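Any chance you can model this:
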Amino acid sequence: MNRNRKPALSIDNSMSAALTAEVKDGKYNLDDGVPLGLSKGDKSKIIYRKYEAVSDNITDTRHREWHEVLVAHEKISLLGMEDRLLDDDIVGISADDGMILKFEGQPEQVVCIDHRSMRVINEDQAELEEEAMGIEYVRYTEWGFRLVEVLLTNGPEARQRLAETYERQKNMEQAEMFTSMEEFFSSMMGRLEQMGQVTNNPQQLAQSANSVLDPHKVMQEMLKTQSPEQLKAMIEMQGAEEDIVPEASAEELADDAAIENALEGVGSDLLESATTGKKSGRSKK
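Just a heads-up that it's a prediction; the model follows:
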């Protein structure tokens, strides 16, 4: 933990009464961002630097103007909360603070970088070292970035609302899936009961010597032996079957027979599993 770390700039994120009134009047809104006041001294401080190689053999970029927009920076703190920088998990302003930071870069000087030690050397010193050691340093333009505008937004609240919306949507989708599965199993049990392969009658179960199945066991076995993709396909197949009009074509009747045969096959497999004590041979995908 670096306890000597200090912010280059601390900004006040509280809105003045005048700014609050302008938000109420509709001049600004927190969705787009409300501009906070920065003094001339704040705007004059170099917050960070970047280096752009002068040689075209090293870089293909050549900035005439350089602007950057960030939502977090380790060298800027909220006024009165500079102590957060003592925590390694929080560095300066974070995305959770809901700030938009706009920086403007200005070329300050041409420097050299010693790539062995990563020293940044001014040109005069670089020329002396180059002549003395017979080496050649690469030249870079040093850009100094200053904070020119700060916008306060409702970012944290918006993310919270988005998370809540996602959670509601997920719960609705799960509820719809469970409803579809319940309808599918109910329909399937009705089919198998008509075939005489399942029954809800305890007396018939006792007299059947395992020739028919308890529907609860059928459902449990289905959940164990069928993958979610297989169950989904069965549900879709059932939905397609329910959409068949009464005056079906020969092809549709053939599809209906295939569905019935598939259900009969499922019932037979489960019946064999219940009578032999072995798991169904259906494999998961």
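
Helices of the stretch 1-150 of the chain, residue ranges please.
For the stretch 1-150 of the chain, the helices defined by DSSP state H, counting those that start in this stretch cover 17-24, 40-44, 123-133.

Can you give me the buried ones in the longest one?
Neighbour counts over helix 123-133 (16 or more other CB atoms under 10 Å) mark A126, E129 as buried. In short, each C-beta sits where N, CA and C put it, glycine included.

measure I46 to G105 for me?
Per CB to CB, to the nearest Å, I46 is found 10 Å from G105.

and for the two, which residues touch both?
Taking CB atoms under 8 Å, 6 or more residues apart in numbering as the contact rule, I46 and G105 both touch G144, F145, R146.

Give me the subset of the residues you listed that lies in strands.
G144, F145, R146 (DSSP state E).

Save those as TSV, and put in neighbour count, pLDDT and distance to L152 too.
Listed next are those as TSV, based on neighbours: other CB atoms under 10 Å; pLDDT from 0 to 100; distance: CB to CB, whole Å:
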residue	neighbour count	pLDDT	distance to L152
G144	17	97	25
F145	20	98	20
R146	17	97	19
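
of those residues, closest to V23?
If you rank these by distance to V23 using CB to CB, R146 comes first, at 26.4 Å.

ok, that closest one - contacts?
R146 sits next to K43, S44, K45, I46, I47, F103, E104, G105, Q106 when contact means CB under 8 Å, 6+ apart.

switch the cut-off to 10 Å
9, 38, 42-48, 103-106 (CB atoms under 10 Å, 6 or more residues apart in numbering).

what do you get for K45?
A8, L9, K75, I76, G144, F145, R146, L147.

Now do the nearest residue to I46 once chain neighbours are set aside against H73, distance only.
Once flanking residues are discounted, I46 sits nearest to G144: 4.0 Å by CB to CB, 6 or more residues apart in numbering. Distance from G144 to H73, counting by CB to CB: 14 Å.

Give the residue spans of the stretch 151-285 of the chain that score low on pLDDT.
156-170, 173-174, 177-178, 180-223, 226-229, 231-232, 234-236, 238-285 (pLDDT under 70).

Return the distance of Y48 relative to M15.
27 Å.
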